[in-house]
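K.L.:
below are the sequence and a predicted model; questions follow.
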Amino acid sequence: MSGTAHALGASRTLWELVARRAALSPGAPVLIQAADDPADDRTLTFGGLRDRAERVAAGLHALGVAPGDTVAWQLPTRIETVVLSLALARLGVRQTPVIPVYRDREVTLALRATGAAYYAHPGQWRGFDYGEMAARITGDLDLEPRALTAYDALPDGDPALLPPAPEDGTEVRWVYWTSGTTSDPRGVRHTDRSLIAGGSCLAHALHLRTDDVGSIAFPYAHIGGPDYLVMLLLYGFPAVLFEKFAMPGALDGYRRHGVTTAGGSTAFYSMFLTEQRKRPGAPLIPTLRLLAGGGAAKPAELYHEVVAELGCQLTHGYGMTEAPMITMGAPDDTPEHLATSEGRPPEAMEIRITEPDGKPLPAGTEGEVRLRGEAVCKGYLDDAQTAEAFDCDGFLITGDLGRLLESGHLVLTGRTKDIIIRKGENISAKEIEQLLYEHPAVGDAAVIGLPDRERGERVCAVVEQPEGAPDVTLEELTTYLRAEGLATYKLPEQLEVVSALPRNEALRKVLKYKLRERFA
């Protein structure tokens with residue numbers, strides 16, 4: 001990390017980081033809104049971001065928003081969303097971002113659990129009326145939040161009337177929601193400093209430059225939103241925002257703004273590859289030099305496909321709502337490490353591999369992954385969930401399984417819930433998924449354990465097939481897996497072919513609990 005970026009990373013609060021970057025690079029672009037019509041593209045500079053956020057903060061303050069309040073916002077990936085969030089950071093209020101795809105049940109949960117006094121929404125967006133939903137659900141709450149439409153018009157006021165900016169970056173002022181990989185989202189408590197630490201980890205690993213152009217194609221309300229924004233503020237380069245991300249339509253925005261680094265998660269890598277294969281030999285995005293992301297497992301073969309076919313580097317990382325960036329692959333890592341690991345943690349992130357009782361295990365041994373560091377959240381809104389999530393040494397129990405290499409790289413091997421116990425034998429779902437991905441008739445796969453009276457659990461493979469691929473059978477896949485050396489007791493006993501695996505809206509992570517519900 002450069003000296004300037006390192007110094008900025010020591011900022012006490014997110015607002016202090018915004019102000020310091022604006023003073024250094026007032027005229028440099030930071031946010032570029034990609035529109036369907038290039039004539040409607042918009043750009044905001046670092047100085048403009050600071051100034052506009054201050055005016056919006058003053059406007060919110062005039063409406064009655066004050067420190068101590070909680071503001072929920074459910075908004076798409078737009079310049080205005082970033083401005084509103086930073087305006088709230090300037091005021092020092094607690095804010096809870098909500099993914100736009102959430103509906104009555106999840107939004108009610110967020111508003112009730114946080115006691116939100118205000119709820120900002122986009123009005124009618126993508127065929128859904130958020131204002132109508134707000135009217136429908138807020139009357140059932142103990143504290144009825146005031147609904148604000150905040151799509152293209154934001155409150156405006158005089159910054160001279162603002163109270164002093166917050167100075168304590170360790171106070172919990174953010175509540176993020178786990179992205180729906182379990183049936184009930186949980187409120188995760190973050191501070192300005194934990195978000196800055198997460199973004200610093202990402203920036204440190206990727207070796208980015210001031211002449212880079214990034215991209216945010218996922219919901220800004222996801223924990224990856226501030227993660228990425230912190231990186232922009234540390235290094236002083238812009239990102240292209242995509243309010244509606246769909247292939248191949250989004251490609252024009254990447255090309256005309258010269259995006260050099262893109263990504264999001266494994267599903268995004270696959271989407272780029274699919275488009276590249278429609279025009280082999282011609283660079284999909286001529287300026288692209290790096291795909292980077294995390295949030296879901298990455299098959300090793302996918303790394304090699306991206307490098308060979310897209311002609312760029314791929315670095316994959318490991319993060320979660322509770323700790324937005326834990327490890328990240330670096331562009332100068334070896335191909336073996338980039339293909340098979342999640343990268344290394346920064347100095348500020350401590351990873352411990354343990355037995356289920358918390359006893360530390362040596363390097364190279366598989367066990368539970370536990371974390372401690374500034375980027376780790378302060379727990380959950382529910383105190384009982386917090387007590388269960390942290391061990392006696394203050395390490396977060398992630399629920400992931402993995403091993404640390406002597407080099408410091410982390411290899412994830414599955415989740416504790418992804419261990420299928422068949423006739424008393426433990427089976428890793430990830431091991432089978434990695435092999436299935438390499439079969440030409442499989443586009444993507446999820447392996448789950450289903451209740452079975454005789455075996456305890458049986459192994460079920462749920463697969464998507466690429467367009468035009470011949471129908472695949474269970475016999476064909478088990479024959480292939482045997483040939484790849486998979487032990488007989490690990491072979492799937494059930495195959496389900498689906499048109500699309502169920503995924504969350506943020507990083508397109510497969511929702512295995514929905515598959516278990518459907519096929520049990």
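P.N.:
It's in. Residues are numbered from 1 along each chain as shown.

K.L.:
now stretch 428-443: mean pLDDT?
P.N.:
Mean pLDDT, stretch 428-443: 90.

K.L.:
tell me which residues in that stretch are buried?
P.N.:
Residues 428-437, 439, 441-443 are the ones in stretch 428-443 that count as buried (16 or more other CB atoms under 10 Å). For the C-beta atoms, the positions are set from N, CA and C on the backbone; glycine is no exception.

K.L.:
show me where this protein dips below the pLDDT cut-off.
P.N.:
1, 179-184, 424, 505-507 (pLDDT under 70).

K.L.:
C-alpha coordinates for the lengthiest helix in it, PDB please?
P.N.:
Longest helix in the chain by number of residues (criterion: DSSP state H): helix 46-63. Taking C-alpha atoms only, helix 46-63 is exported to PDB below (Å, rounded to 0.1, in the frame of the first residue of the first chain):
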ATOM      1  CA  PHE A  46     -14.000  13.500  -4.700                       C
ATOM      2  CA  GLY A  47     -14.500  17.100  -3.800                       C
ATOM      3  CA  GLY A  48     -18.100  17.000  -5.200                       C
ATOM      4  CA  LEU A  49     -18.800  13.900  -3.100                       C
ATOM      5  CA  ARG A  50     -17.700  15.700   0.100                       C
ATOM      6  CA  ASP A  51     -19.600  18.900  -0.700                       C
ATOM      7  CA  ARG A  52     -22.800  17.200  -1.800                       C
ATOM      8  CA  ALA A  53     -22.800  14.800   1.200                       C
ATOM      9  CA  GLU A  54     -22.500  17.800   3.500                       C
ATOM     10  CA  ARG A  55     -25.400  19.600   1.900                       C
ATOM     11  CA  VAL A  56     -27.500  16.400   2.100                       C
ATOM     12  CA  ALA A  57     -26.500  16.000   5.700                       C
ATOM     13  CA  ALA A  58     -27.700  19.500   6.400                       C
ATOM     14  CA  GLY A  59     -30.900  18.800   4.700                       C
ATOM     15  CA  LEU A  60     -31.500  15.700   6.700                       C
ATOM     16  CA  HIS A  61     -30.600  17.500   9.900                       C
ATOM     17  CA  ALA A  62     -33.200  20.200   9.000                       C
ATOM     18  CA  LEU A  63     -35.800  17.300   8.700                       C
END
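
K.L.:
now that helix: buried residues?
P.N.:
46-61.

K.L.:
elements contacting that helix?
P.N.:
For helix 46-63, the elements it packs on are helix 14-24, strand 29-34, helix 79-91, judged by 3 or more CB pairs under 8 Å, 6 or more residues apart in numbering; DSSP states H and E.

K.L.:
adjacent strands (with direction) for the shortest one?
P.N.:
Each strand that strand 29-34 pairs with, and the sense of that pairing, follows from DSSP bridges: strand 42-45 (antiparallel), strand 239-242 (parallel).

K.L.:
which of those is buried the deepest?
P.N.:
With neighbours taken as mean count of other CB atoms under 10 Å, these reach their highest mean count in strand 239-242, at a mean of 23.

K.L.:
run through who's touching that strand.
P.N.:
30-34, 77-79, 82, 213-217, 220, 228, 232, 250, 253-254, 257, 259 (CB atoms under 8 Å, 6 or more residues apart in numbering).

K.L.:
do the same with stretch 271-285
P.N.:
247-248, 251, 254-255, 259, 262, 291, 302, 305-306, 309-311.
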